[in-house]
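A.B. asks: The sequence and its predicted three-dimensional model are supplied below.
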Amino acid sequence: MSRKSTGYLDTEVHGRFDRRKTVFYRRDIFTGFDHFRPDTLDPGDPELLELAEARASWTLHDNYPGAFCDTLMGNRKLVRNHAPFRYCFAEPRTAAENISAVAKRFGASLVGMTELDSRWLYSHKRNGNPVTLPDRAVWAVVMLVEMDREEISTSPDFRAAAESGRAYSRMADIVGAVGEYIRLLGYYARSCGNDTALSIPLAMDAGLGVLGRNGLLLTRDFGPRVRICKVITDLELVQTPNEYPASEEVCSGCTLCAEACEAEALSLSESPTWEILTESNNPGVLRWQFNPEKCFDFWLEIGRDCSNCIAACPASSILSKLMN
């Protein structure tokens with residue numbers, strides 16, 4: 001590599017990403033989906049049922065105030081809104097094993113732990129305020145929520161859109177509960193979905209997968225059929241090792257996701273690159289090019305989100321062979 005770089009990061013160019021640069025902020029998703037309305041369909045059209053399910057699937061994610069926060073919820077008799085103690089785990093490994101088991105009982109499909117790399121924190125929130133965390137919050141519990149293979153395979157139909165929404169609502173349920181559990185033990189915990197920090201680098205650091213050609217986390221168990229949430233905490237944990245191969249080993253010989261992308265937003269090139277295509281791409285990252293604007297414009301065209309690149313991806317079988 002000709003640039004001053006560390007692995008897949010160009011340390012002279014890369015910096016914390018401003019969340020206001022995401023395509024969802026710059027192309028307001030809610031006004032963009034104005035035509036995503038029941039009154040655009042015939043009342044007798046069965047697609048209206050699928051549309052209603054897709055919209056309803058986001059209910060918990062969009063309306064649960066305890067999902068993405070860092071304070072205890074409600075007036076609990078046990079703690080009176082703050083824990084009067086800190087539970088003493090025998091050692092960090094014991095704490096990590098406990099949190100992992102609890103997260104899975106709450107519904108997480110996979111769980112990993114990592115020390116928090118501040119480079120993955122957003123520089124600013126979507127409202128323009130800087131992203132800040134307590135200095136002591138240096139660990140992250142990263143959790144994955146599986147999406148159903150059969151439902152995602154129907155993309156870009158409403159059935160796949162509904163499965164995506166259901167996963168986000170399950171994510172809100174799980175991350176809210178895990179964050180509250182840690183807070184009830186007397187520790188700081190910031191429950192996060194897509195906010196606060198970049199999910200994919202954190203998941204990679206937590207040993208849960210590798211970045212794919214489609215710009216998504218690829219896992220051995222589920223391929224890219226996952227949604228990611230995380231809890232940032234001051235509870236000392238232990239690092240989960242990452243045994244995944246490099247992105248090139250997984251994706252260089254496969255272009256199925258790019259071929260399935262009707263928006264032509266994914267790269268067909270053999271190797272990843274340092275180049276970026278739009279303001280939505282943070283410079284200084286070695287990866288396959290991805291154009292979020294083309295992807296999102298296709299969503300607007302069809303009136304729902306698309307999961308074609310997820311449905312087409314064979315990463316699970318490729319990774320199973322490479323890692324066994």
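C.D. replies: The structure has been received and is ready for your questions.

A.B. asks: could you check the distance from the closest residue to Ser316 other than its chain neighbours over to Ala172?
C.D. replies: Using CB to CB, 6 or more residues apart in numbering and skipping residues adjacent in sequence, the residue nearest Ser316 is Gly223, 3.9 Å away. From N, CA and C alone the C-beta is placed, and that goes for glycine too. Here Gly223 is placed at a distance of 23 Å from Ala172 (CB to CB, to the nearest Å).

A.B. asks: which helix of this structure spans the most residues?
C.D. replies: When the chain is parsed with DSSP state H, its longest helix is helix 158-184.

A.B. asks: so Gln289 makes contact with Thr278?
C.D. replies: No - at 9.5 Å, Gln289 and Thr278 do not qualify as touching, with contact defined as CB atoms under 8 Å.

A.B. asks: coming back round to it: ok, and for the longest helix of the chain, which residues are buried?
C.D. replies: For helix 158-184, a neighbour-count test (16 or more other CB atoms under 10 Å) marks 158-183 as buried.

A.B. asks: what's the answer for stretch 49-67, then?
C.D. replies: In terms of neighbour count (16+ other CB under 10 Å), stretch 49-67 has its buried residues at 50-51, 53-55, 57-58, 60-61, 66-67.

A.B. asks: re earlier: check contacts around the residue nearest to Ser316.
C.D. replies: By CB atoms under 8 Å, 6 or more residues apart in numbering, the residues touching Gly223 are 310, 313-316, 319.

A.B. asks: got it, and Ser164?
C.D. replies: Applying CB under 8 Å, 6+ apart, the residues near Ser164 are 57, 147, 152, 227, 305, 307.

A.B. asks: in stretch 150-159, what counts as buried?
C.D. replies: So for stretch 150-159, counting by 16+ other CB under 10 Å, buried means 151-159.

A.B. asks: end to end, how far does that stretch reach?
C.D. replies: End-to-end distance for stretch 150-159: 10 Å, by CA to CA, to the nearest Å.

A.B. asks: quick one: low-confidence ranges for this structure?
C.D. replies: Filtered on pLDDT under 70, the chain yields the residue ranges 1-7, 27-41, 74-83.

A.B. asks: which residues in it form helices?
C.D. replies: Using DSSP H, helices in the chain cover 23-26, 29-32, 47-56, 59-63, 92-106, 149-152, 158-184, 199-205, 247-251, 256-260, 292-302, 308-312, 315-323.

A.B. asks: And the contacts of the fourth one?
C.D. replies: Right, the one you point to is helix 59-63. So helix 59-63 is contacted by 67, 165, 168-173, 193 (CB under 8 Å, 6+ apart).

A.B. asks: what about dumping the CA coordinates of it to PDB?
C.D. replies: Taking Å, rounded to 0.1, in the frame of the first residue of the first chain, the C-alpha atoms of helix 59-63 are listed here in PDB:
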ATOM      1  CA  THR A  59     -43.700  -0.100  15.800                       C
ATOM      2  CA  LEU A  60     -41.400  -1.100  18.700                       C
ATOM      3  CA  HIS A  61     -38.300   0.400  17.200                       C
ATOM      4  CA  ASP A  62     -39.900   3.700  16.500                       C
ATOM      5  CA  ASN A  63     -41.900   4.100  19.700                       C
END
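
A.B. asks: Find the pair from the contacts of helix 59-63 with maximum spatial separation.
C.D. replies: The distance between the two most remote of these (CB to CB) is 13.9 Å, for Ala67 and Gly165.

A.B. asks: can I get the contacts of Ser164 in JSON lines with distance to Leu116?
C.D. replies: Formatted as JSON lines, these follow (distance: CB to CB, whole Å):
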{"residue": "Ser57", "distance to Leu116": "30"}
{"residue": "Met147", "distance to Leu116": "26"}
{"residue": "Ile152", "distance to Leu116": "30"}
{"residue": "Arg227", "distance to Leu116": "20"}
{"residue": "Asp305", "distance to Leu116": "29"}
{"residue": "Ser307", "distance to Leu116": "29"}
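
A.B. asks: nearest residue to the residue nearest to the spatial centre of the chain other than its sequence neighbours?
C.D. replies: Nearest to the mean C-alpha position of the chain, by CA atoms, centre = their mean, lies Ile228 at 3.4 Å. Closest residue in space to Ile228, ignoring its immediate chain neighbours: Ser199 at 3.9 Å, by CB to CB, 6+ apart.

A.B. asks: Surely the one you found is in contact with Leu216?
C.D. replies: No - using CB under 8 Å, Ser199 is not in contact with Leu216, being 10.1 Å away.

A.B. asks: re earlier: quick one: which of the buried residues of stretch 49-67 is nearest Glu115?
C.D. replies: The closest of the buried residues of stretch 49-67 to Glu115 turns out to be Ala67 (CB to CB; 24.1 Å).

A.B. asks: which residues touch that closest one?
C.D. replies: Taking CB under 8 Å, 6+ apart, we find Ala67 in contact with 60-61, 171-173, 175-176, 191, 193.

A.B. asks: Just to check, Phe158 is in contact with Pro46?
C.D. replies: No - counting by CB under 8 Å, Phe158 stays clear of Pro46, with 10.2 Å between them.
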